[in-house]
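In: How does the following fold in three dimensions:
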Amino acid sequence: VACVIAVLPAPLALTVANLVAWHLKSTNPDGVDVTQGLAYLRPILLTGFGVLAALTAVAAVVAWRRARIGDRLPALLLAVHLAASALWIVTNAMAERAATS
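Out: Numbering: from 1, shown residues only. This is a model prediction of the structure:
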């Protein structure tokens with residue numbers, strides 16, 4: 001369970017952010033032009049990063065408690081997964097910038 005919790009923050013945060021984007025763009029409560037790529041960017045980012053922060057905190061606490069009893073695998077998985085996620089986000093942003101310029 002601790003290992004599963006260690007790898008959940010980034011994928012679950014992206015999933016929640018995409019669900020929020022889908023809901024806001026399909027209902028369009030503020031009447032904005034949803035054909036623009038940045039429509040509803042603030043609520044999408046706030047939700048995604050909020051979920052990421054909360055799940056990372058939970059995963060860090062679980063990994064820390066497991067490390068206290070000698071099981072370092074969840075902490076290692078959390079560190080590797082967060083590093084890979086950060087690398088993926090940076091690489092994706094650089095590719096997007098190169099594609100649009």
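
In: Break down the chain into its helices, ranges please.
Out: Ranges of helices in the chain, per DSSP state H, are 2-6, 9-27, 41-68, 73-100.

In: burial measure for the closest residue to residue 44 other than its chain neighbours, as a count.
Out: Spatial nearest neighbour of residue 44, excluding adjacent residues (Cβ to Cβ, 6 or more residues apart in numbering): residue 21 at 4.8 Å. The C-beta positions use only the backbone N, C-alpha and C, and glycine is treated the same way. Counted with other Cβ atoms under 10 Å, the neighbours of residue 21 add up to 19.

In: quick one, which of the helices of the chain is packed in tightest?
Out: Stretch with highest mean neighbour count among the helices of the chain: helix 2-6 (a mean of 18; mean count of other Cβ atoms under 10 Å).

In: Low-confidence ranges, the protein, go.
Out: In the predicted model of the chain, no residue satisfies pLDDT under 70.

In: Dump the helices of the chain into TSV; add distance to residue 35 as well.
Out: Listed next are the helices of the chain as TSV, based on distance: least, Cβ to Cβ, whole Å:
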stretch	distance to residue 35
helix 2-6	38
helix 9-27	9
helix 41-68	14
helix 73-100	16
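
In: Much appreciated, bye for now.
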